[in-house]
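# Prediction below, plus the sequence it came from.
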Amino acid sequence: MQGYSFWPCVVSRDPEGGEFVKLPDSLSKSQKKIHVLFLEYNNQRAWIPLGCIKTYRGLKDFKEQKETASKSSKKDFEPGKRYEGQFAQAVDYAEELAQLTDDDRLERVLLKYGWEMV
């Protein structure tokens, strides 16, 4: 999303409506939104436009995407200095989760963040 760098997250239910996906509510809003929980980011969650979501395929792939990104897009791959530590923790956790089956990943996230967060 404009103004924010990429951040590891998992798709999660919206606690208010229980939905994962929000369909456009008018012709002027053409993009679906996905509800996500940001890893290691103070339990922050958000509805993110589908076009702003990248599938995480590992740290090596992420770094390669950063290298091939345009000069103006490189900042999207780097959090602000204030968040570097949290970002590193989020990437480490995403790396752990990426090695698991879907069921094991869900269980690990549930244990860490609790049912109301996922």
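Done, it's in. Residues are numbered from 1 along each chain as shown.

# Can you name every helix or strand that the longest helix anywhere in the chain contacts?
Longest helix of the chain, by residue count under DSSP state H: helix 84-98. Other elements packing on helix 84-98 under the criterion 3 or more CB pairs under 8 Å, 6 or more residues apart in numbering; DSSP states H and E are helix 59-68, helix 102-113. The C-beta positions use only the backbone N, C-alpha and C, and glycine is treated the same way.

# Low-confidence ranges, this protein, go.
Residues of the chain meeting the criterion pLDDT under 70: 1, 27-29, 115-118.

# contacting residues around residue 59?
Contact partners of residue 59, counting by CB atoms under 8 Å, 6 or more residues apart in numbering, are 91, 95.

# now do residue 69
76, 77.

# Let's see that with 10 Å instead.
Counting by CB atoms under 10 Å, 6 or more residues apart in numbering, residue 69 makes contact with 75, 76, 77.

# export these to TSV and tack on neighbour count?
Below are those laid out as TSV (neighbours: other CB atoms under 10 Å):
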residue	neighbour count
75	12
76	19
77	15
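
# Tell me which of those residues fall in helices.
Going by DSSP H, the helices hold none of the contacts of residue 69.

# from those, which single one is nearest residue 111?
Of all the contacts of residue 69, residue 111 sits closest to residue 77, with 29.2 Å by CB to CB.

# That closest one and residue 71 touch, don't they?
No - Residue 77 is not in contact with residue 71 according to CB atoms under 10 Å; the separation is 11.8 Å.

# Tally up the residues packed near residue 40, please.
For residue 40, the count of nearby residues is 21 (other CB atoms under 10 Å).

# how far away is it from residue 101?
22 Å (CB to CB, to the nearest Å).

# picking up where we left off before, could the helices and strands packed on helix 84-98 go into a markdown table alongside distance to residue 12?
Converted to a markdown table, the helices and strands packed on helix 84-98 look like this (distance: least, CB to CB, whole Å):
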| stretch | distance to residue 12 |
| --- | --- |
| helix 59-68 | 21 |
| helix 102-113 | 8 |
